[in-house]
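Engineer: can't give you the sequence, but here's the structure:
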C-alpha cells in the first residue's frame, strides 16, 4: 500500500502537519490517517521537546471498537501538562501491532518526506511493551532519543523464537517486511530502556537492544514484572525518570532515581511478584513476606472506609499461595461491599467448584 492509496483527508492532513512544522506554526488536531489509526498532535512551543507516543496493547485492546473522537494518545495529558509537545499514534486493533500495510505506508511517507526533520528541538520516541516495539519507527520520525518501557523488540519468530506471549498476534502480521524490528529503528538514537531484568522475556528483548544499539542505557527495576509504567506510577517515580531524560539531566539525577526506586520495597506488588519467582521458598520466609505485605496494604488503606479494598488486595496477594486465606479475605471484602462487581468476580473465582 502506498500513500496515494490512503484517504485524501489523511494526505491533506499530513501535508498540513508538514507545512506547520516547516514554518514553526502551532498545530493541535486529531487526524484519522487510515481505518483503525489516528494521529493526535499538539505542538505549541517549538523550543520544547517533541514526544512521539504509541498506544500499548492494553489500551488498544480496551479501546477496540470505539471511535477516535473521545480518545487521546498514550501519555497525551501528561506530556501536554509538562509543557512539552506530542505526536501520538493511536492503534485501535491490539492484534495489528502497528504492522498494518496502511500504517507502514504512512511511516514510509513520513520518512521519505522528512516530515519531522525540520523540528529542531529534541525528538523522543516513547512507548511501552507493544508501544515500545513501535520504536522501530524512531528513525522514520527523525527522533534522536527513545524512552522504552519493557519493550517488545519484534514478533519475528526467527529473531525471537523464545517469545510466546503474543501467539494470537504474530500470525496476523508480516514480521519480515520493512520496520519489523525495533532494533533497526534505534541503531543511531540514544536509548533509555526501563525494565525488570527478573522478568525473563522482557530481559531477552532488552538484551537485543543492548547487544546491537551502542547508545543504550538500562534502568533496571527488579521485582515488579511487566507493565513498568504502572508500577513506577504507584511508587511515585515515573515523573522523576521521564523528566530527567527528557530534559537531558539523567546522569545528574541517576543517584536520586536509584534511591527513589527503593520505594518498591514498600509496594505490595513488588513482594507479590518476587514471591511468584520463588515458589519453593520456605513457609517461614513466605509468612514473613506476607505479613510485611499486609502491613504495607494496611498503610495504603488506613481509613475504615477503605477496609473492603484492603481485604480485596490482601486476597489477591494470597491467592497464589494460600487459597483458603485468600478466600477468607475476599469474603470479608464482599461482606463490606456486597454489590462490587470486581469483588464478587474474585469471590466466585475462589469459591470451590462442586
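Structural biologist: Cool, got the structure. Bear in mind the structure is a predicted one, so any value in this text is a computation, not a measurement.
Engineer: pLDDT below threshold where in the stretch 201-350 of the chain?
Structural biologist: Across the stretch 201-350 of the chain, the ranges flagged by pLDDT under 70 are 265, 268, 271-282, 285, 320-321.
Engineer: residue boundaries of the helices in it?
Structural biologist: All helices of the stretch 201-350 of the chain, identified by DSSP state H, counting those that start in this stretch, fall at 228-234, 238-246, 250-261, 268-276, 283-300, 307-318, 323-336, 341-350.
Engineer: pick the most deeply packed of these.
Structural biologist: Comparing the helices of the stretch 201-350 of the chain by mean neighbour count (mean count of other CB atoms under 10 Å), helix 307-318 ranks first with a mean of 21. No exception for glycine: its C-beta is placed from N, CA and C like everyone else's.
Engineer: tilt between it and helix 323-336?
Structural biologist: Per axes from the mean of the first three to the mean of the last three CA atoms, to 10 degrees, the angle that helix 307-318 makes with helix 323-336 is 160 degrees.
Engineer: so what touches helix 307-318?
Structural biologist: Applying CB atoms under 8 Å, 6 or more residues apart in numbering, the contact partners of helix 307-318 are 268, 272, 290, 293-294, 297-298, 300-301, 325-330, 332-333, 336-337, 340, 342-343, 346, 350.
Engineer: tell me the angle of that helix relative to helix 283-300?
Structural biologist: With the same axes, to 10 degrees as the basis, helix 307-318 and helix 283-300 are set at 150 degrees to each other.
Engineer: how far is helix 307-318 from where the chain is centred?
Structural biologist: Centroid displacement of helix 307-318 relative to its chain, using CA atoms, centre = their mean, to the nearest Å, is 26 Å.
Engineer: equivalent analysis for stretch 314-325, please.
Structural biologist: 28 Å.
Engineer: also stretch 104-123?
Structural biologist: On CA atoms, centre = their mean, the centre of stretch 104-123 falls 23 Å from that of its chain.
Engineer: buried ones in that stretch, by neighbour count?
Structural biologist: By neighbour count on 16 or more other CB atoms under 10 Å, the buried set for stretch 104-123 is 104-111, 115-116, 119, 122-123.
Engineer: just stretch 180-193 next, same as before
Structural biologist: 180, 181, 182, 183, 184, 185, 186, 189, 190, 191, 192, 193.
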